[in-house]
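J.: Using only what follows, build the 3D model:
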Amino acid sequence: MSEKKMSSSRKHHLKSLMLSIAKDLLEEEEIEREEERGRYMAESCPPPSLPRSMQELQELCREIHRKIDKTDEERYDLEMKVNKTNKEIDDLKIKVQDLMGKFKKPVLRKVRMSADAMLKALLGSKHTVNLDLRANLKQVKKEVKEEDKELRDVGDWRKNIEDKSGMDGRKKMFEAEA
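T.: Modelled structure (predicted):
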């Protein structure tokens, strides 16, 4: 079964219809939100009746203060709920990672610490262990090659050149090689 292709004018028409419907829905949501806000404000904050005496003014201030305290408590409670759910979400993410077996390696910082300081940090301050790392190293004796000895024994380079100069020196060089 082959699918029939839609013409570009038909596509454009359908797209414009969808956009107009979406625009109408967004406008309705905005109007509904404004009405809800107006209802909430009328319920929570009735229009203030201006007091005529000092006693009525103080009573109004106390009432406003109580309402402020109540809203602060509600805000704090909601904040704590959000923090608690965020922590639970993080814990669940960690559990999911544990179950999947894939971990993101954290970026580690370089820390300069001597071996003594590291052992002190691991074992605590009571255990002080001094490591003499050089004592555990192998000692290697350096073998001196015979060629190196000969080069050192040659001494002054001028004598060496004078010995090799002329026919006698070249003859000595050939005899030495053979």
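J.: CA atoms for contacts and neighbours, from now on please.
T.: OK.
J.: what's the distance between residue 114 and residue 10?
T.: Residue 114 sits 76 Å away from residue 10, going by Cα to Cα, to the nearest Å.
J.: hang on, I meant residue 116
T.: From residue 116 over to residue 10 (counting by Cα to Cα), the distance is 79 Å.
J.: Settle it for me: which of those two has more neighbours?
T.: residue 116 (14 against 10; other Cα atoms under 10 Å).
J.: for the helix or strand containing residue 82, the distance to its chain's centre please.
T.: Taking DSSP states H and E as the criterion, residue 82 maps to helix 54-100. Offset of helix 54-100 from its chain centre (Cα atoms, centre = their mean, to the nearest Å): 29 Å.
J.: if you average pLDDT over it, what comes out?
T.: What helix 54-100 shows for mean pLDDT is 92.
J.: quick one: residue 87 and residue 93, what's the gap?
T.: Counting by Cα to Cα, the gap from residue 87 to residue 93 is 10 Å.
J.: swap in residue 21?
T.: Residue 21 is 39 Å from residue 93, by Cα to Cα.
J.: Please apply the same query to residue 43.
T.: From residue 43 to residue 93 the distance is 41 Å (Cα to Cα).
J.: try residue 29
T.: Counting by Cα to Cα, the gap from residue 29 to residue 93 is 34 Å.
J.: Now do the helix or strand hosting residue 16 against helix 54-100, angle only.
T.: Taking DSSP H and E as the criterion, residue 16 maps to helix 8-44. Taking axes from the mean of the first three to the mean of the last three Cα atoms, to 10 degrees, one finds helix 8-44 and helix 54-100 inclined to each other by 130 degrees.
J.: Which of the residues in helix 8-44 are classified as buried?
T.: Within helix 8-44, no residue counts as buried by 16 or more other Cα atoms under 10 Å.
J.: I'd like the average pLDDT over it.
T.: 93.
J.: That helix packs against which elements?
T.: Helix 8-44 is packed against no helix or strand, with contacts defined by 3 or more Cα pairs under 8 Å, 6 or more residues apart in numbering; DSSP states H and E.
J.: Pop the domain breakdown of this structure in here.
T.: Using the TED database, the domain parsing of the chain gives 15-47, 49-125.
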